[in-house]
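Novice: Quick one, structure for this:
(4 chains)
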Amino acid sequence: MVGLRAGLRGMTNPQLWIAVVENGCFFALLGLAFYFNLTGAGFFNFGIGAIAMAAAFTGSWLVTEHGLSRPLAGVVGVLGAIAIAVVMELAVVRPVQARGEGELSALVAVGASLFTIIQLSGLFLGHEARSGQPFWSTAPFSVGSARVGSTVVPIVVITAALFTLSYLALQRTRLGRLTRAIGNDTDAARVLGLPINTARLLSFAAAGLIAALAGITFAGRSGVSPDNALHWTITGFLALVIGGTGTVWAPLLGGALLALANVFIPFYFGGDVLAYGLVVVAMLFFAFRPEGVFAPRVRV
Amino acid sequence: MSARLPNVAGVLGLVLLVVWAGSDLYRSSLLVTMLTYALVALGMYVPFVLAGSLSLSYSAYAATGAYAVAIGTAHAGWPLWLGMLVAPPVAAIIAVVLGAATMRLSGFYLGAVTLLFAEAFIQLLGNLGVTGGPSGIVGLPLLSFGGWEPSPQQTVLMAVVLTGVLALALDRLRRSPWGVVIRASREVPIAVDTAGVSVSVLNLVALGAGAAIASLGGALFTTYVGAVNPETFSVNVIFLAVFMPLIGGIGNPWGAVLGAAIVVHLTLNVDSLASSGTLLVSLSVLVILVLFPRGVLGFAGTAARGGTTLLTTVTKRGART
Amino acid sequence: MTTADPLLSGSGLSKSYGGVHAVSDVSFTLHAGEVLGLIGPNGAGKTTLVDLVTGAQDADTGELVLTGSPLRGGAAHRAAQGLARTFQHPQLALDLSVADNLLLGAYAARHRGLGRLLAGLVRGILRPHAPADRALAERLATSVGISGLDRHARDLTLGEQRLVEVGRALGAEPCVLLLDEPFAGADAHGVAGTTRVIEVLRGAGHGVILVDHNVDLVTTLADRVMLMERGRVAFEGSPADCLASPEMQRVYFGTAPEEVAS
Amino acid sequence: MTRFRATIAGLLTLTVGTALTGCGSSGDDDNGDTVVIGLVCDTTGPGAGYATPACTATKETIDQVNADGGIDGKKVKVVQGNDESDPTKTPTVIQKLVSQGADALLMLTSSAGVLQAKSLIERTKIPVFMPVAANPQVTEPPSNTYLYQLGTPTSDWATVYCAAFDSLGAKKVAFLQDSSPSQVQFNKGLIDSLDCVDLDVVNGAIDATDLSAEVAKIKNAGPDAVLVATQNANFDVLAQNTLHQQLPGVPRFTELLLSSLPSAWAQAQPGALEGLVGLAGTTDTNTRTVEVAQFFAETEGADFRVNNFWTQSYDAVQILKQAIEESGTTDGEKLNAAIQEVTGFVASSGYPGFTLSFGDDKHLGADGICGLVLVEWDKDNQVAGPWSGYEPDCAA
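Specialist: Okay, here's the model as predicted:
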């Protein structure tokens, strides 16, 4: 009875649900960035976390050290992130994949890119954590007993907007449908003479854009440092694979599930259990549902 | 003939390194760090390069080796070398259990789960009592066989011999029927399966063998330095171990050893306080992956065969793409 | 086992994906020294049937018997019982040499089961090269008619790749060999090599299941032919009867609509 | 393309080539005219946040010592290494500095690295200071003969916190710590000593992106005060942001790190640190501190704000200087004995009268609790100065 009441106390605490929403949106956006890369290039871009970090970190550096306005710094951060993503594709991923050695070489290449971005950020902008400088924040307010922080509304709005736009872009535009076709079967697309390279490049750029917006907005919560990059990458990857790769909405569900784990595992079992809990959740999930919740439709 | 060249060069290189280190404690320490990395990278070579499965738990296996030595000595009063003997089977068992639990995963999925496992393993080492918790185990005695206590130089020499023998063994294994089967399983698992060798069992054997070798790296480091703690083999080590064979060249196990030497040189021996060793290493990996996919060894081999051959390969590769 | 007992038999084999019945209720027999031809249009279920027999896919229903014992388990287990196959899309390790690819079947045969896998690991380190293996590779190459053992497999033509696959299967010394479209993309030389292997196996009392689009070749080589259509056996009998059958006329030149689902 | 590849190959060969040539001279530079101090600074790894200022402080102090005539008339030479707080590198970096003739080491890097090198330091027999480290495990036995820290044991922290809680009348206190094993172990002594209050311990994951669950638990328990016990600035800021939002009005305390990291204050949301009380190492009421701050301000500029990273780095060099001068030697064992003779060294941190002493079984320098200063943050997330609620007394 006591256990049940304690259990309910967690589940009925609106503050925790606000945390689930805020974290879930962030994880989902990172997952969406992964999804774009997967769709357009058939490839998990493990540099996503580093790109999100670099955008937020650079923006913050521009605001605090050079007095740029937040929106301007945000634009620079986003453009920089897109540039990094495009360079990664053109200079690293494409040449490595062109040799046709399977996915491992490309995976190691983006791994090395991840570390390079982390270290270059540290070298030029400093290794210390910086305050987040979101280009948009709202005044905190209360809903009943719960407080809604300044970054909650922006990240929810941005998430809703980006997911809707992504859905429309991928389903309703010719280029989007083309991109999906290429991700489904690159060889067939090549035979058909589709503009594979353009679509790939666009998918990298879109992933960079989404990651940057996610990073810049979420950094408003507790700052950003180069050390965040790897953790953000793994989080986004997990959000995508838990949600599945079947629809553009999948990372949203994956992000929400991951956020539930991140909030309620510490609440019920303590924060020290989180590391073990994540391994177990990931293993169970991959073992029983390796294709995620929303699986791509099986073609016979 | 050309197959033996890397072996001869590798052994010669190790001998030169031993001579170079001499009785200098700093150089010996560099050499031990290099051999530690080399053993972890050689361990990863088996599943990663030969079988093509990216298991990222190698920090855990190195730590298993280190703790086998430390716990055996500190709690059970074993001599250090006994821990070194116990480490490989223990690490192999952990790897096989983890491998069995992740049998259905491959590629990115396997990488993600094994990386999470590695992080949880570090947390576990810090929470257990027998491992000495977060401060680990320090103050281990020096290596001793019966009454004979080898000098640091002799210890280094033994480590060099161990690493050299393992690199030679892996090179022989790579070219043996077993090696052909496992290398084929990387490209065409279905062909190997329908030829009668279960690829999942083969992968488990590769994971076990790799973990056993990597554990020796951890055991060596702890034996030489006399201490271990949960952060000794952090997630950093995993990525270094992935990068090292690629830097050296994946065509041959000696590439892993060469990669370890280059990484240790770049991170510890180059006096560049402002820039970080990690940056140099990741940049070299990018350059090598993009421009020299066969690594330093592959490039050296090509160069050795003369400029004409180089030109032909490059033009041929150009023609194909 | 008497000579009348089949070498390999299947009964009631079915496999469906979602609502599509790739193979439904197929039964067959293969006798020692016999070549069973499997023909039919694209999507008839030929390759799926080969997959079900070799264990590359699990059947929904059905039984298989090889030399009197039930044939079950995964692909590796079935190979150990005496099956070998080639693939519609050749599955060669492109980074390895032709010799290594040819020897893969024999090598794999030596490493079946955990015990032999571990023993092979130790033996591989102690003695990586046996001269006998080189000789075996040369014999396999000669029997399928391919040369240039030290070439990379990636430099082979499609026809040569198919020959290497046949040689690889031969190296495992199977009692039943399943050939999935060995003639597609092969030149006259390739056809001759594979044909020779089939004849040799037949002469030695092994069984061969031959799947191909080339109806002329299959009917020439096979002792018996099974015509498949949409996952079912439409006709079974001697090549001559098959060619003359109304089912053959219907399936290939058709009165019935040809649904081609890939 | 071919030429490009060849050029890159040439560059790579050069880099590798330096392995054979560049490190040929690692002889013993200690020819008696100089004192060589080895400095291990993590300037590019996870410890860069605190190691960088501490490293600068150490080098500036050594420059001043040299300008004043050196130690015993000998110039001080600095040899420096960077281990990126990676324990597999720390032993080698130490060996490198020792082979370059280091007579003593100042380590501004992670505790894990130094723990890894403990056995090595014991064998090498040269004194090692960790001037700014707060983790006392490093200087606890075994293998601690040559290791020293300037800090205060956590039992002294507990005394200060208890007095502070008492001044607020807080009986029930929530204790929020990051669950990294090293932090849990570090806090164990503190928790054991905080028997003055009813303590409710809550763990959060160190790399958490969110602490709402932990704070919700704290809120449910209804404490009179909250102590955030972490050495991880990100965790601390995230915790303060969340507590400020969800438990406004409940007094908050933190450990020693945050007060020394102005960059971390900027990470907090506007006003999130208002009213927070934390441990610090310096106060303007100590004239020694003011003098040292003025010295650093000469090179660091007018904006310079002193904290214990600077004062402790300064003091470590001065203690080393005093020990070498009193023993007249740089021999490791004799120098070590001389360090253990240092008593009543007037520190440049803490309250006036705060002293440092070392001994055979005293490897943590602080004498008493008045090396600790409680400071309070204002609504601009800046440290406003000492907290009015309670001041540790040097006489206590």
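
Novice: So what pairs up with the spatially most central residue of chain C in the strands?
Specialist: By Cα atoms, centre = their mean, the mean C-alpha position of chain C lies nearest to residue C:178, the distance being 1.8 Å. Taking DSSP bridges as the rule, residue C:178 bridges to residue C:85, residue C:209.

Novice: is it true that it touches residue C:88?
Specialist: No - taking contacts as Cβ atoms under 8 Å, residue C:178 lies outside contact range of residue C:88: 11.0 Å. Any C-beta I mention is one placed from the backbone N, CA and C, and that applies to glycine too.

Novice: Just say helix, strand or coil for residue D:278.
Specialist: When classified by DSSP: H, G, I helix; E, B strand; the rest coil, residue D:278 comes out as strand.

Novice: and what of residue C:227?
Specialist: Look at residue C:227: counting by three-state DSSP, its state is strand.

Novice: What pLDDT is listed against it?
Specialist: pLDDT recorded at residue C:227 is 94.

Novice: hang on, the earlier thing: any common contacting residues for residue C:178 and residue C:88?
Specialist: Residues touching both residue C:178 and residue C:88 comprise residue C:211, with contact defined as Cβ atoms under 8 Å, 6 or more residues apart in numbering or on different chains.

Novice: Just give me the neighbour total for residue C:125.
Specialist: Around residue C:125 there are 20 other residues, counting by other Cβ atoms under 10 Å in any protein chain shown.

Novice: Now do the helices in the stretch 201-321 of chain B.
Specialist: Applying DSSP state H, counting those that start in this stretch to the stretch 201-321 of chain B gives helices spanning B:235-248, B:254-264, B:277-291, B:295-304, B:307-320.

Novice: Go through those helices and pick out the most buried.
Specialist: Greatest average neighbour count among these goes to helix B:254-264 (a mean of 29), per mean count of other Cβ atoms under 10 Å in any protein chain shown.

Novice: Close to chain C: what parts of the stretch 201-321 of chain B are there?
Specialist: Listed as neighbours of chain C in the stretch 201-321 of chain B under the rule Cβ under 8 Å from any Cβ of the partner chain: B:201, B:202, B:205, B:209.

Novice: Which pLDDT value belongs to the first one?
Specialist: If I follow you right, that is residue B:201. 94.

Novice: Confirm for me that it is in contact with residue C:114.
Specialist: Yes - Residue B:201 is within contact range of residue C:114, at 5.9 Å (criterion: Cβ under 8 Å).

Novice: Tell me, please, where in the stretch 151-300 of chain D the pLDDT is lower than the cut-off.
Specialist: Low-confidence regions of the stretch 151-300 of chain D, defined here as pLDDT under 70, do not occur.

Novice: Can you pull the residues of it lying near chain B?
Specialist: Proximity of the stretch 151-300 of chain D to chain B (Cβ under 8 Å from any Cβ) is limited to residues D:180, D:181, D:182, D:184, D:185, D:186.

Novice: Number of residues surrounding whichever residue of the stretch 151-300 of chain B sits closest to chain C?
Specialist: Scanning the stretch 151-300 of chain B for proximity to chain C using Cβ to the nearest Cβ identifies residue B:176 as nearest, at 3.0 Å. Per other Cβ under 10 Å, the neighbour tally for residue B:176 reads 23.

Novice: and the spatially closest residue to it that is not a sequence neighbour, what does it touch?
Specialist: Nearest non-adjacent residue to residue B:176, counting by Cβ to Cβ, 6 or more residues apart in numbering or on different chains: residue C:124, 3.0 Å away. Listed by Cβ under 8 Å, 6+ apart, the contact partners of residue C:124 are B:172, B:173, B:176, B:177, B:178, B:179.

Novice: surely the fourth one meets residue C:109?
Specialist: No - with contact defined as Cβ under 8 Å, residue B:177 does not reach residue C:109; the gap is 10.0 Å.

Novice: Looking at those two, which is more packed in?
Specialist: A side-by-side neighbour count of residue B:177 and residue C:109, using other Cβ under 10 Å, places residue B:177 first with 25 against 20.

Novice: I'd like to know how far the more buried one sits from chain A.
Specialist: According to Cβ to the nearest Cβ, to the nearest Å, residue B:177 and chain A sit 23 Å apart.

Novice: Name the helix or strand for the residue lying closest to that residue once chain neighbours are set aside, please.
Specialist: If the residues on either side of it in the chain are set aside, residue B:177 comes closest to residue C:107, at 4.0 Å by Cβ to Cβ, 6+ apart. Using DSSP states H and E, residue C:107 sits within helix C:98-110.

Novice: still on that earlier bit, can you read off the pLDDT for the residue nearest to the centre of chain C?
Specialist: 96.

Novice: what residues are up against it?
Specialist: Contacts of residue C:178 (Cβ under 8 Å, 6+ apart): C:50, C:53, C:54, C:83, C:84, C:85, C:86, C:208, C:209, C:211.

Novice: export those to a markdown table and tack on neighbour count?
Specialist: Shown next, in a markdown table, are the contacts of residue C:178 (neighbours: other Cβ atoms under 10 Å in any protein chain shown):
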| residue | neighbour count |
| --- | --- |
| C:50 | 23 |
| C:53 | 25 |
| C:54 | 25 |
| C:83 | 29 |
| C:84 | 28 |
| C:85 | 30 |
| C:86 | 26 |
| C:208 | 23 |
| C:209 | 26 |
| C:211 | 27 |
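
Novice: Surely residue D:43 is within a helix?
Specialist: No - Residue D:43: not assigned to a helix; according to three-state DSSP it is coil.
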